[in-house]
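# Predicted coordinates and the sequence they were generated for:
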Amino acid sequence: MNRKPNILLFYTGGTIGMMRSSQTGSLKPFNFDKLLRKIPEIKLLDCSVETISLHPPIDSSNMCPQHWIAIAEIIESNYGKFDGFVVLHGSDTMSYTSSALSFMFENLGKPIVFTGSQLPIGDLRTDAKENLITAIQIAGLQKNGEAVIQEVCLYFEYRLYRANRTTKINAEQFQAFASLNYPPLAESGVHLKVFEESLLKRDKSKPLNVHKELDTRVGLLKIFPGIRPDFIKHFLSTPQLKGLVLETFGSGNAPSDDWFVDILERHIKSGLIIVNVTQCSGGSVAMGQYETSERLKQIGLISGNDITTESALAKMMLLLPKYKNAKDFKINFEKAVCGDISEN
Ligand code: ASP
């Protein structure tokens, strides 16, 4: 490509564009166009950047699947016009939104890079400038006339990750995200190094297909020592519950008490889909490795292997409308849709 890449910068909210309220001192989303004037460096980049905002911009704790769909629709309707997309998003739920987008955009041929910051862009010590500028550069990378990165990713503190492999691990340090089960896709130092062997390879013969149907009748339950039967019974009696992501100990272990296994079995028999993910940030579920997970396997829990909780939840919402029977759901959940899970 001889012309400069066109990048769409989409501000959805989050600390990066927040201002401190003079009355309470708390941070709230602000008009991003005004804040962008604080980074004249954007004009020096070797790409043209157009900006757009969510109205109103929000703290990412208020993000929900309707917003994911709104973000997807903006990108979809601008897909032909731009070479890459940068989504500015609060870090709190960035891994959820970006994971969901990775499942929504099937056969993506252009980069969608999520970024944000721990300090507002107007702060003297801000981490926003580096994150924003490098994210735009990454979104503009081209080789032989096509985008180098053709997947949904997350850039934070000198590292580019596959979005659906990330988790927010720190609310204080600039290095807020980790991807413990998949290596970074790129690193920014003196040079910007892209690790091509880690990038998702796309089947170029297939066109982009954006999935916007999500089933939110799902739940997330983290087990803990001392969890009580009445608590689980109550939780699982949520009307219309279709799917549950169960966060278990270590490599997928849970209490082996009969009452616990029996409740889960009863719900699976009446149609509930349960995916077993680990509470650990790294490593994977291996049902059957210990006696405390053997019965979970027997009663039909699906192994989340090394998927993150954020990704499991988003994947469940997107697969539920497509695969109505438990067997099809299991086969497709255990397969990598976009590099989200290792296949055994
Ligand atoms: N509460 C903010 C948000 O997620 C935190 C951040 O942006 O880092 O919107």
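Yes, it's here.

# CA only for contacts and neighbour counts going forward, please
OK.

# now Tyr290: how far from Lys110?
43 Å (C-alpha to C-alpha, to the nearest Å).

# Please report how far the residue nearest to Glu41 when sequence neighbours are not counted lies from Asn344.
In space, and not counting its chain neighbours, Glu41 is closest to Ile133: 7.9 Å by C-alpha to C-alpha, 6 or more residues apart in numbering. Distance, Ile133 to Asn344, by C-alpha to C-alpha: 38 Å.

# out of those two, which sits in the busier spot?
Set Ile133 next to Asn344 and count neighbours by other C-alpha atoms under 10 Å: Ile133 wins out with 15 against 6.

# The lowest-mean-pLDDT helix or strand in the chain and the ligand, any residue contact?
Least confident helix or strand of the chain, by mean pLDDT, DSSP states H and E, is helix 32-36 with a mean of 72. No. Contact of helix 32-36 with the ligand (C-alpha under 6 Å from any ligand atom) is absent, the minimum separation being 13.5 Å.

# May I have the strands that pair with the next helix or strand after that helix, each with its orientation?
Next in sequence after helix 32-36, counting helices and strands by DSSP states H and E, comes strand 48-53. Here strand 48-53 has these sheet partners by DSSP bridges: strand 6-11 (parallel).

# Restricting to C-alpha, output the partner strand in PDB.
In PDB, the C-alpha atoms belonging to strand 6-11 read as follows (Å, rounded to 0.1, in the frame of the first residue of the first chain):
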ATOM      1  CA  ASN A   6      -6.600   5.000   7.600                       C
ATOM      2  CA  ILE A   7      -7.300   4.300  11.300                       C
ATOM      3  CA  LEU A   8     -10.600   4.800  13.100                       C
ATOM      4  CA  LEU A   9     -10.100   5.700  16.700                       C
ATOM      5  CA  PHE A  10     -13.200   4.900  18.700                       C
ATOM      6  CA  TYR A  11     -13.500   6.300  22.200                       C
END
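
# which residues sit against it?
With C-alpha atoms under 8 Å, 6 or more residues apart in numbering as the test, strand 6-11 has contacts from 32, 47-54, 57, 81-89, 136, 139-140.

# and if you look at stretch 128-147?
For stretch 128-147, the external contacting residues (C-alpha under 8 Å, 6+ apart) are 1, 5-7, 9, 16, 39, 41-42, 45-47, 83-86, 109-121, 148-149, 155-158, 188.

# Could you find the closest non-adjacent residue to Tyr290?
Asn253 (7.2 Å).

# if I pick that neighbour, what's in contact with it?
287, 290, 292-293.

# Any residues of the stretch 51-200 of the chain in contact with the ligand? List them.
Within the stretch 51-200 of the chain, the positions near the ligand by C-alpha under 6 Å from any ligand atom are 59-61, 90-93, 117-118.

# Repeat the analysis, applying 8 Å as the threshold.
The stretch 51-200 of the chain comes close to the ligand at residues 58-62, 89-94, 116-119, 171, as judged by C-alpha under 8 Å from any ligand atom.

# which one of these sits closest to Asn164?
Met94 (10.0 Å; C-alpha to C-alpha).

# Who are the contact partners of the closest one?
Met94 neighbours (C-alpha under 8 Å, 6+ apart): 60, 114, 168.

# Need those residues in TSV (columns: secondary structure).
Shown next, in TSV, are the contacts of Met94 (DSSP: H, G, I helix; E, B strand; the rest coil):
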residue	secondary structure
Ser60	helix
Phe114	strand
Lys168	strand
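
# Point me to the residue of the stretch 151-300 of the chain nearest the ligand.
Proximity of the stretch 151-300 of the chain to the ligand (C-alpha to the nearest ligand atom) peaks at Ala171, 7.7 Å away.

# count of residues packed around that residue?
Ala171, neighbours per other C-alpha under 10 Å, totals 12.

# How about Asp262?
Asp262 has 15 nearby residues by other C-alpha under 10 Å.

# so which helix or strand takes in it?
Going by DSSP H and E, Asp262 is in helix 258-269.

# In that helix, which residues are buried?
260-261, 264-265, 267-268 (16 or more other C-alpha atoms under 10 Å).

# same check, this time on stretch 117-127
Using 16+ other C-alpha under 10 Å as the test for burial, stretch 117-127 gives 117-122, 126-127.
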